[in-house]
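K.L.:
okay, here's the prediction I keep looking at, along with the sequence it came from:
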Amino acid sequence: MNPTLGLARGLIRLHMRLRGELEKSRSTEQTYVPILKARRLMQAIDGLMPIFGINFDPTGLRSIRTRRRVGPFEYGGLRHGILTTLRRANRWMTYEEIATCLLASRQVSLARERYRHFLQKLREAVLFLRRRGRLDAESAIGIRDGLTRQRWRIRARPIAV
């Protein structure tokens with residue numbers, strides 16, 4: 001990729017995030033950039049695009065609302081933590097058991113609402129790892145009786161995807 005094109009893409013993403021800041025201010029959400037500064041930066045980006053030879057129409061762009069990270073893990077840390085926990089345990093584990101071990105390893109306790117959100121993210125990460133061939137499910141995934149808990153373990157030989 002040509003460096004000018006890469007720079008233009010980065011500026012477009014910045015423009016989208018600044019637009020998100022403007023929307024956050026309208027909905028009385030906390031902003032990370034003062035509104036006047038966001039508007040000035042967006043105008044500067046609008047002025048730079050013709051210099052790069054980009055036909056820039058900001059009306060077609062969506063906005064990105066930048067928010068604080070919710071979970072106790074950095075990017076990729078949850079999946080890595082799941083694999084590490086299951087490898088150390090060397091047994092079948094439920095979502096709740098995995099979550100308890102992960103939070104204990106970080107010495108973190110979450111409020112009930114944040115724990116529910118964390119548990120949902122953990123489920124999504126486990127299913128992603130299963131699709132990648134890294135985990136085995138104890139019982140078939142699909143409509144279940146609602147009483148038995150799904151349990152997971154590390155697959156003996158991961159499938160190459």
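P.N.:
Arrived safely. Numbering: from 1, shown residues only.

K.L.:
could you give the number of residues near Y32?
P.N.:
12 (other C-beta atoms under 10 Å). Quick note: C-beta positions are derived from backbone N, CA and C, even for glycine.

K.L.:
that one: which element?
P.N.:
With elements delineated by DSSP states H and E, Y32 resides in a region that no helix or strand encompasses.

K.L.:
again, but for W152
P.N.:
Per DSSP H and E, the secondary structure element for W152 is strand 151-154.

K.L.:
check which helices and strands that strand sits against.
P.N.:
Judged by 3 or more C-beta pairs under 8 Å, 6 or more residues apart in numbering; DSSP states H and E, the packing partners of strand 151-154 are helix 77-89, strand 93-94, strand 135-137.

K.L.:
do that again at 6 Å, thanks
P.N.:
Here strand 151-154 touches helix 77-89, going by 3 or more C-beta pairs under 6 Å, 6 or more residues apart in numbering; DSSP states H and E.

K.L.:
so which elements touch the helix it packs on?
P.N.:
Identification of packing neighbours for helix 77-89 by 3+ C-beta pairs under 6 Å, 6+ apart yields helix 95-106, helix 112-131, strand 151-154.

K.L.:
out of the ones you listed, the one nearest S63 is which?
P.N.:
Minimum separation from S63 across those (C-beta to C-beta) falls at helix 112-131, 22.9 Å.

K.L.:
list the buried residues in the closest one.
P.N.:
Buried residues in helix 112-131, defined by neighbour count with 16 or more other C-beta atoms under 10 Å: 118, 122, 125-126, 129.

K.L.:
picking up where we left off before, partner strands of the strand holding W152 and their direction?
P.N.:
When sheet partners are counted by DSSP bridges, strand 151-154 sits next to strand 93-94 (antiparallel), strand 135-137 (antiparallel).

K.L.:
thinking again about what came up before, out of the helices and strands packed on helix 77-89, which gets nearest to R13?
P.N.:
Among the helices and strands packed on helix 77-89, helix 112-131 sits nearest to R13 (C-beta to C-beta), with 23.7 Å.
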